[in-house]
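Visitor: Generate coordinates for the sequence data below:
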Amino acid sequence: MADDLRIRPVVRADRDRWLLLWEGYNAFYGRTGDTALDPAITAMTWERFFDAYEPVHALVAERDGRLLGLTHYLFHRSTTAIEPSCYLQDLFTTAQARGQGVGRALIEAVYAAAGAAGASRVYWQTHETNTTAMKLYDQVAEKSGFLVYRKLL
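Guide: Below is the predicted model:
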C-alpha cells in the first residue's frame, strides 16, 4: 500500500489540510484547550516553511489526495561537526495511516533531504511514553543515550 504514497514538500494550497494534521499532532502531546499553542505560533511556523532564509522545512505524506502525515525538520550548526545537523522536530501520521509505512517514509525523506544538504546527522526526540513510535525509531535509527533537559523561560 505504501507504493502509492507520495512524500513531498508542503505547498501553500495544503494549509487547511496541514492544519488538521498539525492540530492532531499538538493534541497528541496534550497541547489543546488551555495548553494549546498560541495561534501566532502556528501562523509563524507555517510561514517559515516558505521563507528561503529560514532553516525550517515541512514534508507531507499524501495518498489519493489525502494528507496522511507531516514532518518538520530544521538545519543548524554544531560545535562537534563542520557539516550542519538536521533536527527532525515534528512527526505525525493520522491514526488511520499508522502501521502503513507512512512514518517510516517521512523519516526516510528527511534522511534524503539532510543528505542532499550535506548534513552529518539527523536526530530527534520523543516522549518516553510514545512506545508505539519507538518501535519504528528503533528500526530506523539508534538511541544516542542522551537525555533531554530543559528550562522554560
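
Visitor: Give me the three-state assignment for residue 26.
Guide: Following DSSP: H, G, I helix; E, B strand; the rest coil, we place residue 26 in the helix state.

Visitor: Burial check on it, number of neighbours?
Guide: If you count neighbours by other CB atoms under 10 Å, residue 26 ends up with 18. C-beta coordinates here come from the backbone N, C-alpha and C atoms, glycine included.

Visitor: Same check on the one 4 residues further on?
Guide: Number of residues near residue 30 (other CB under 10 Å) recorded here: 10.

Visitor: next one: the one 5 residues further on
Guide: Number of residues near residue 35 (other CB under 10 Å) recorded here: 9.

Visitor: What does the pLDDT read for it?
Guide: At residue 35, the model reports a pLDDT of 90.

Visitor: ok, so what distance separates it from residue 29?
Guide: Distance, residue 35 to residue 29, by CB to CB, to the nearest Å: 9 Å.

Visitor: Low-confidence ranges, the protein, go.
Guide: Scanning the chain for pLDDT under 70 picks out the ranges 1-2.

Visitor: quick one, strands of it?
Guide: Assigned by DSSP state E, the strands in the chain fall at 6-9, 56-63, 66-76, 85-93, 121-123.

Visitor: I'd like the ones you listed written out as CSV, with distance to residue 114 and mean neighbour count added.
Guide: Converted to CSV, the strands of the chain look like this (distance: least, CB to CB, whole Å; neighbours: other CB atoms under 10 Å):
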stretch, distance to residue 114, mean neighbour count
strand 6-9, 14, 14
strand 56-63, 10, 20
strand 66-76, 7, 20
strand 85-93, 4, 20
strand 121-123, 5, 16
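
Visitor: And those: which comes nearest residue 17?
Guide: The closest of the strands of the chain to residue 17 is strand 66-76. By CB to CB, the value is 4.5 Å.

Visitor: strands paired with that closest one, and their directions?
Guide: strand 56-63 (antiparallel), strand 85-93 (antiparallel) (DSSP bridges).
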